[in-house]
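> Sequence and predicted model, in that order:
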Amino acid sequence: LDDWMKPPVEGNLGIKHGVIVVCSTTGNADAPENADRFVRYIKRKTTESAMPFQHCAYAVLGLGDTNYDVFCAMGKMIDKRLAELGGVRAMDVACADEATGLEETVEPWVGKVIGELAGVCKGETGGNAFIKASSTAVGSARASLAAAAGVAETAPGR
């Protein structure tokens, strides 16, 4: 995290580090065990003065279930806190619902997150720029994101 507190390109504050967060909500609006330390860090009042995400652009995918009282609480909270801690939101937080099918939200999000985030990280306006990388690299990144979110990857347009 210390490296993210510095600009990725010295002297160019328009260039950002990219951060992708995929987080579920467990129990009564709790963070999953593997996110607990991170969530505690971003919730601390003492973290605010450091503005640790001021050199970061980010996108958040929340995983939840509308059958429970609090839907995607962790994804929404992380999205809000990253902005409060200086981060630049590349995309609105996406909330995938287990009750209706995670893939309805996850697949479109995975299909565009890399391009949107890359555009913001490079300082391009609108956040809709396409990443300038080989289709293999983009496909690999999409497959990794799909695996992290627990859904099968599909070809664009399906």
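Okay, I see it.
> ok, so what distance separates residue 38 from residue 23?
Distance, residue 38 to residue 23, using Cβ to Cβ, to the nearest Å: 9 Å. (Each C-beta comes from the backbone N, C-alpha and C, glycine too.)
> Which of these two has more residues huddled nearby?
residue 23 (24 against 14; other Cβ atoms under 10 Å).
> Can you pull out the low-pLDDT segments for this protein?
1, 125-158 (pLDDT under 70).
> which residues sit in contact with residue 19?
4, 53, 56-59, 82, 87 (Cβ atoms under 8 Å, 6 or more residues apart in numbering).
> go again using 6 Å as the cut-off
56, 58 (Cβ atoms under 6 Å, 6 or more residues apart in numbering).
> Now do the strands in this structure.
17-24, 56-64, 88-89, 94-97 (DSSP state E).
> Grab the CA positions of the last one and hand them over as CSV.
C-alpha atoms of strand 94-97 as CSV (Å, rounded to 0.1, in the frame of the first residue of the first chain):
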residue,chain,number,x,y,z
ALA,A,94,-21.7,-2.6,-9.2
CYS,A,95,-23.8,-4.8,-7.0
ALA,A,96,-24.3,-8.4,-8.1
ASP,A,97,-27.2,-10.3,-6.6
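> Relative to it, what are the paired strands and their orientations?
strand 56-64 (parallel) (DSSP bridges).
> Give me the contact list for the strand it pairs with.
4, 16-22, 24-25, 71-72, 75, 78-79, 82, 87-88, 90-91, 93-96, 109, 113, 117, 120-121.
> Test my guess that residue 72 contacts residue 96.
No - using Cβ atoms under 6 Å, residue 72 is not in contact with residue 96; the gap is 7.7 Å.
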